[in-house]
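**Q** mind folding the following:
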Amino acid sequence: MTTANKITILRSLMVPFFIVQMIYYVTSGDERHWLAALFSFAIAAISDGLDGYIARRYNQRSELGAVLDPLADKLLLVSGVVILSFNNAPYLLRIPSWLTAIIISRDVLLVIGLGVLYFTLGKVSVRPRMTGKITTVLQMATVLWILFRWPASVLPYLAYATGVFTVISGVQYILFDGVYRLNAHPSASPSPPKL
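**A** Got it, this is the predicted structure:
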């Protein structure tokens, strides 16, 4: 178990804590729960970059880390996006429902695509793309913008940027990675005619 993987696991364990604190905050309005939710999400978001840096800097890349890191990201982001999609007034702004639909649809399609690749090709490795990294940063920024209760006037622009990059990264992963790999695999070639 590498240090990078321990940080990733810790990030995953912070997700339930974040969810519980958010529920308490929006039902009670107690600022202590808001601070706890904000702190836990911010620390988890920062640890996302930290575990990647440690893995690269100290050569701690592992197959376990390659699975755990994106899984921890998705758990954190999807929990934040879903909770903030509800009407949490007057305490917090709301993520537009169309953005929630785009984010969840992309993730569901990617999971289905990974399943197809795994059952067709066997072992599957995902190569991170720059658009995917930008998408993750924008999604985290959107959630943090709302959690920090920063000006509502900026949120629509941030939401549009997040939506655009979410779609672009999804198309890249599906078309350029998924479809390309399937087409390159021998099982995609037509079977020879039977004599």
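
**Q** quick one: average confidence on the helix or strand harbouring V20?
**A** Element membership for V20 (DSSP states H and E) is helix 3-28. Helix 3-28 shows a mean pLDDT of 92.

**Q** in it, what counts as buried?
**A** Neighbour-count burial for helix 3-28 flags 4-5, 7-8, 11-12, 14-15, 18-19, 21-22, 24-26 (criterion: 16 or more other CB atoms under 10 Å). (Glycine included, C-beta is placed from N, CA and C.)

**Q** next: stretch 47-58.
**A** Buried, per 16+ other CB under 10 Å, within stretch 47-58: 47-48, 50-52, 54-55.

**Q** got the contact list for it?
**A** 2-5, 7-8, 10-11, 60-62, 65, 69, 72-73, 76, 136, 140 (CB atoms under 8 Å, 6 or more residues apart in numbering).

**Q** chain center to that stretch, what's the gap?
**A** 17 Å (CA atoms, centre = their mean, to the nearest Å).

**Q** and if you look at stretch 49-66?
**A** How far stretch 49-66 lies from its chain's middle: 17 Å, per CA atoms, centre = their mean.

**Q** just stretch 160-170 next, same as before
**A** 12 Å.

**Q** what average pLDDT does it get?
**A** 96.

**Q** likewise for stretch 115-127?
**A** Stretch 115-127 comes out at a mean pLDDT of 76.

**Q** can you give me how far it is from the chain middle?
**A** With CA atoms, centre = their mean, you get 19 Å for stretch 115-127.

**Q** got the contact list for it?
**A** 66, 70, 114, 173, 177-178, 181-182, 185, 187.

**Q** max pairwise distance over these: which two?
**A** Across those, the longest distance by CB to CB is 25.7 Å; it joins P70 and S187.

**Q** more crowded one of those two?
**A** P70 (19 against 8; other CB atoms under 10 Å).

**Q** could I get the buried residue list for stretch 107-126?
**A** By 16+ other CB under 10 Å, the buried positions in stretch 107-126 come out as 107, 110, 113-114, 117, 124, 126.

**Q** burial count for T100?
**A** 18.

**Q** same check on I168?
**A** 15.

**Q** mind checking how far it is from M130?
**A** From I168 over to M130 the distance is 10 Å, taken as CB to CB, to the nearest Å.

**Q** quick one, what contacts the residue nearest the centre of the chain?
**A** Nearest residue to the geometric centre of the chain (CA atoms, centre = their mean): K74, 3.4 Å. By CB under 8 Å, 6+ apart, the contact list for K74 reads D107.

**Q** tell me which helix or strand G163 sits in.
**A** In the assignment (DSSP H and E), G163 maps to helix 155-171.

**Q** same deal with T120?
**A** helix 97-121.

**Q** correct me if wrong: V15 contacts I43.
**A** No. Here V15 does not reach I43: they are 11.6 Å apart, not a contact under CB atoms under 8 Å.
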